[in-house]
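Colleague: kindly generate the corresponding structure for this input.
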Amino acid sequence: MAEEGYWDKVKTSAEIETKYMRLGDCIVKTAEYPIAGERWTNYAVWYPEEMEYEDKSYPLIVMSNGTGVQNSKYEPVFKHLSSWGFIVIGNDDISSGLGDSASKSLAYIMDLSENKECVFYKKIDMRSLISMNLCYII
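Modeller: Presented below is the predicted three-dimensional model:
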C-alpha cells in the first residue's frame, strides 16, 4: 500500500507540502503488543525515540485500516508521521468497517499511558485528543 521512501518520490512545488513530505527530524521506534480474543492479533505503535527520555507529551494518531489491509501495509506512513513527533497506533484488523478495532486501539494506548512501567506513561497529549474530537466506546 505505501512503499518505503515514498516521501522521496512525491514531488510538489508547494512550500508546505515540500517541507512535510520529507521525513521529520525524529528517529522513529516501534513497539508491538500481541493480543488475543479479537479479530486482530496485535497493536503496533510508532513513536519518536526522544519520547523515551524527554519529559513532554506527544499528539496521538489512531489509524483505522482500510478493510482488507493490515497495519503492516502502512508502516512507511506511520514512520513518516512519527518522524514529525506523533505517536501512531494501528492494528492488523482486516475487517475494520465496524470501527471497533480503532476504538479498542485508542483504549489500549490510553491504558498504556497510565502504566508506570510503560514507555507511553503520561506521554500522550490529551489536548490533541480533544482537539480532534476523538471519542471511543468500550
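Colleague: and the residue nearest the centre of the chain, helix, strand or coil?
Modeller: Among the residues of the chain, Val88 comes closest to the average C-alpha position under CA atoms, centre = their mean, at 1.1 Å. Secondary structure, DSSP: H, G, I helix; E, B strand; the rest coil: Val88 is strand.
Colleague: how far away is it from Glu17?
Modeller: When CB to CB, to the nearest Å is the yardstick, Val88 and Glu17 sit 20 Å from each other. For glycine as for every other residue, the C-beta is placed from the backbone atoms N, C-alpha and C.
Colleague: before we move on, the earlier item: what sits against the residue nearest to the centre of the chain?
Modeller: Contacts of Val88 were listed using CB atoms under 8 Å, 6 or more residues apart in numbering, and they are 45-47, 60-61, 63, 78, 81-82.
Colleague: of the residues you listed, which belong to helices?
Modeller: Secondary-structure check on the contacts of Val88 using DSSP state H: residues within helices are 78, 81-82.
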